[in-house]
Each structure stands twice: as C-alpha cells, then as structure tokens.
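*Asks:* task: produce atomic coordinates for the following.
(chains A and B)
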Amino acid sequence: GESVGLHLPTLSVQEGDNSIINCAYSNSASDYFIWYKQESGKGPQFIIDIRSNMDKRQGQRVTVLLNKTVKHLSLQIAATQPGDSAVYFCAERYNFNKFYFGSGTKLNVKP
Amino acid sequence: EPEVTQTPSHQVTQMGQEVILRCVPISNHLYFYWYRQILGQKVEFLVSFYNNEISEKSEIFDDQFSVERPDGSNFTLKIRSTKLEDSAMYFCASRKAGYEQYFGPGTRLTVT
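*Replies:* Numbering: from 1, shown residues only, chains lettered A, B, ... in the order given. You can find the predicted model right below:
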C-alpha cells in the first residue's frame, strides 16, 4: 500500500561537489547538537556534533556550523560521494538527556 | 566493534496486545534511550534512562509505555495495549557520559 508521511526535502548534488544541509532547531536552551545519517532500513548513525559554546567544528570531510542567534545548524560535506546518499537529521539536546530530531533532508548524490 | 542490538527485527501484533521490545546496549554505556520513527517521518524521542530510572520522557511516552533494565545487559520497552498508531520503527540507543549515542538497527512494530 501507499505510505503516508512527510515529504522530505531533497538535495541533489553531483559526485565530487560539496553539499550543504541546513536545519533550524527549536529550543534556545539546547546545549548540544548532533548530525546523523540514516540509510534506508537502518538506525541513525552519528556523523558529527557541536556544543553550544562553539560555532564551528570540523571532522573528516564534514563541517558543522552553529548559529545560535537564528537557531540554525548546517552540515557541510566536502567532495560528496555516492555513499553519502542518505537522509540526514539534525538533533538538539536540552534538559541534559532529552533529544529532539529535525525533519530530515534526503541527500541524493548523482554519479 | 561493539554495537547496540535489538530483537526482534520485526514484530507483528494485534491491537490491544502487549509487546516487549528488547535491546542490548553497548556494555560500558550508562545512558539508554528509546526512539520511534513512523514510516517516512522524523525520529521521535520517547524516553531516556540513567542510573536505573527514567531521566526524561516525551509527551508520547504515556502510561501505556514502560521501560526496564531487568538485568545488567538488557533494556526493554513495553507497550501495554498497542494501538494502530503505535506501528513504527523503534530504535534503542546508548552512550557513555560525554559521548555520542549509538543506535541499534531497530524493531519494526506492526499493529494490525
């Protein structure tokens, strides 16, 4: 049967290009933010995190930027590869141990 | 590499029945979580568990839900009387203090 759910925004990029995925979070008291990658049929996989006292953090091929003024988070993926195709979620933590996920963006990498 | 495991991978149950979803977190982790994801939607926080008690829960986690760590390794989510709208993927996660969460592969719950 037909599945019913939110229509995910999709970002299509060419292999080798850089990708930027954006997320707006909801709670100004959130102190920790995470980006997850979710492939079809699997659980979320940690990519990179950032604490609220930072505005930028870099990992291997990934960079997270945090703008607390406008409650905005972005994930930059350098030299995007076909294996990066997945749904990407941002998540925020508040009250120490409560996490809320964003709606997700589907990244489609064209070879 | 250690990983979070979940059983069963797929559970089919009739409306009104009780289900127990099981998780084995990574052995030296201290914080445990349950999330659900309705098909095509975002991941939703249900509950966090630390030091043998619930530390946070969401609005979704009502009296129909309970969690337990019955021994030193398992972490379970019980739904007492399932409803059609409980159909979803349920993910367990665990973490060490100060570190990221590791998610299990999920249990697909289908309520008919």
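*Asks:* tell me the SS of the closest residue to chain A within chain B?
*Replies:* For chain B and chain A, the shortest gap (C-beta to the nearest C-beta) falls at B:Gly40, measuring 2.3 Å. Quick note: C-beta positions are derived from backbone N, CA and C, even for glycine. Of the three states, B:Gly40 takes coil according to DSSP: H, G, I helix; E, B strand; the rest coil.
*Asks:* tell me the residues of chain A that contact chain B?
*Replies:* Contacts of chain A with chain B, taken as C-beta under 8 Å from any C-beta of the partner chain, map to A:3-6, A:8, A:34, A:36, A:38, A:42-46, A:49, A:89, A:91, A:95-104.
*Asks:* which parts of stretch B:13-23 are buried?
*Replies:* Across stretch B:13-23, burial judged by 16 or more other C-beta atoms under 10 Å in any protein chain shown covers B:Thr13, B:Val19, B:Leu21, B:Arg22, B:Cys23.
*Asks:* the first one touches B:Arg108, doesn't it?
*Replies:* No: between B:Thr13 and B:Arg108 there is no contact under C-beta atoms under 8 Å: 11.4 Å.
*Asks:* tell me what the worst-scoring helix or strand of chain A on mean pLDDT is packed against?
*Replies:* Using mean pLDDT, DSSP states H and E, strand A:98-101 stands out as the lowest-scoring helix or strand of chain A, at a mean of 91. Packing partners of strand A:98-101 (3 or more C-beta pairs under 8 Å, 6 or more residues apart in numbering or on different chains; DSSP states H and E): strand A:86-94, strand B:44-50.
*Asks:* and B:Leu30, which of the ones you listed is closest to it?
*Replies:* In terms of C-beta to C-beta, the element of those nearest to B:Leu30 is strand B:44-50, at 6.4 Å.
*Asks:* okay, and the beta partners of A:Tyr36?
*Replies:* Applying DSSP bridges to A:Tyr36 yields these beta-bridge partners: A:Phe46, A:Phe89.
*Asks:* quick one: contacts for it?
*Replies:* The contact partners of A:Tyr36, by C-beta atoms under 8 Å, 6 or more residues apart in numbering or on different chains, come to A:Pro44, A:Gln45, A:Phe46, A:Ile47, A:Tyr88, A:Phe89, A:Cys90, A:Ala91, A:Phe101, B:Val43, B:Phe103.
*Asks:* does the fourth one touch A:Gln60 like I think?
*Replies:* No: with contacts counted by C-beta under 8 Å, A:Ile47 stays clear of A:Gln60, the gap being 9.9 Å.
*Asks:* quick one, which of those two is more surrounded?
*Replies:* Using other C-beta atoms under 10 Å in any protein chain shown, the more surrounded residue of A:Ile47 and A:Gln60 is A:Ile47, with 22 against 7.
*Asks:* quick one: residues contacting the closest residue to that one other than its chain neighbours.
*Replies:* Nearest in space to A:Ile47, with sequence neighbours left out and distances taken as C-beta to C-beta, 6 or more residues apart in numbering or on different chains, is A:Trp35 at 4.5 Å. Counting by C-beta under 8 Å, 6+ apart, A:Trp35 touches A:21, A:46-49, A:62, A:64, A:73, A:75, A:88-91.
*Asks:* with A:Pro111 instead?
*Replies:* Contacts for A:Pro111 (C-beta under 8 Å, 6+ apart) come out as A:Glu15, A:Pro82.
*Asks:* distance of it relative to chain B?
*Replies:* A:Pro111 sits 25 Å away from chain B, going by C-beta to the nearest C-beta, to the nearest Å.
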